[in-house]
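Undergrad: give me a 3D structure for the following:
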Amino acid sequence: MNFKIKCILLLLTLSGKLFAQSDASSKIILDALSEKFKTNDAVKTDFNITVYNPEIKNKDSQNGVLYLKSNKYKIIFQNQEILSDGKNQWTYLKADNEVQINMVSKDEDALNPAQIFTAYNKGYKTKYNGETKIGTIIYQNIELAPIATKSFFKIKMVINKAKNQIFSLSVFDKNGNIYTYLVKNLVSVKDISDSFFVWDKKKYPNVDLQDLR
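TA: Prediction:
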C-alpha cells in the first residue's frame, strides 16, 4: 500500500503562537506539549497510520518510524522512505528501485514533518473538548480548525495527560477521508548525525535517481 507523501505529512503539522479564537485550556495543554518537545535534541517515534474512507467503508493501515532533529526528518515505511536535511527531500520507492529528489515544499498546505511537535496552533483555532478515561489512563481531547483554506478542515488530537504526549491525531480532509495517526511511543535520541537525514547514494549504487528540483 502506498500513501501519498502529503498524507504522511499531515501528521506533522503541529507550535507556535495561539490565536484569540483558541480557548485558554487548549493553549495551556499545547504550550506544555511544545515545551516538552523542545527539551530533546532529537526524537524517534513508532506510529501507525490508518486511512479510512467512510463513503465506501474502506480502511488501509501501515506502520512507520519517524526520526526528527531540528528541521530534519526521516520517515521509514516497509516499502518507502522519506528523508530531508531541511532543504532537500528524498523519497525512496523501494519497489520501483527509485529515489526522487525534491526541494522541501514551502506551501503551507504541505505540512512539514519537522513541525510535528512544534506547530500545533500556528494558523489554527483550537478548542478543548474535555477528558476521557480508558482503563487507568486519562486523555485530553483538543480539536483544531485551520484559519486559512487547506485541503483538510479539522484535526482531532488525543493527548496522554500523565505523559504529556500525543496519543493519536486524526485529520479530516475535504474529500471525506480520515487519516488517523497512532503514536506508539516517543523516545529521546542522542548523537544522531546530520548525515542520517541525507540520501547516501554510495549505499544504493543501483537505485535510479530522479532529480525533480
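Undergrad: give the rounded mean pLDDT of stretch 39-51.
TA: Computed over stretch 39-51, the mean pLDDT rounds to 87.
Undergrad: tell me the gap between it and the middle of its chain.
TA: Mean-position distance between stretch 39-51 and its chain equals 8 Å (C-alpha atoms, centre = their mean, to the nearest Å).
Undergrad: so which residues make contact with it?
TA: Applying C-beta atoms under 8 Å, 6 or more residues apart in numbering, the external contacts of stretch 39-51 come out as 3, 7-8, 11, 37, 59-70, 117, 177-190, 192. All C-beta spots, glycine's among them, are computed from the backbone N, C-alpha and C.
Undergrad: which ones among those map onto strands?
TA: Mapping the contacts of stretch 39-51 onto strands (DSSP state E) picks out 59-69, 178-189.
Undergrad: residue ranges for the helices of this protein, please.
TA: With DSSP state H as the criterion, the chain has helices at 5-9, 24-38.
Undergrad: of the ones you listed, which shows the lowest average pLDDT?
TA: Within the helices of the chain, confidence is poorest for helix 5-9, with a mean of 46 (mean pLDDT).
Undergrad: before we move on, back to that, quick one: buried ones out of the ones in strands among the contacts of stretch 39-51?
TA: Applying a neighbour-count criterion of 16 or more other C-beta atoms under 10 Å, the buried members of the ones in strands among the contacts of stretch 39-51 are 62, 64, 66-69, 178-183, 186.
Undergrad: okay if I get those as JSON lines plus pLDDT?
TA: Formatted as JSON lines, those follow (pLDDT from 0 to 100):
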{"residue": "Gln62", "pLDDT": "89"}
{"residue": "Gly64", "pLDDT": "90"}
{"residue": "Leu66", "pLDDT": "90"}
{"residue": "Tyr67", "pLDDT": "92"}
{"residue": "Leu68", "pLDDT": "88"}
{"residue": "Lys69", "pLDDT": "89"}
{"residue": "Ile178", "pLDDT": "91"}
{"residue": "Tyr179", "pLDDT": "87"}
{"residue": "Thr180", "pLDDT": "89"}
{"residue": "Tyr181", "pLDDT": "86"}
{"residue": "Leu182", "pLDDT": "90"}
{"residue": "Val183", "pLDDT": "88"}
{"residue": "Leu186", "pLDDT": "85"}
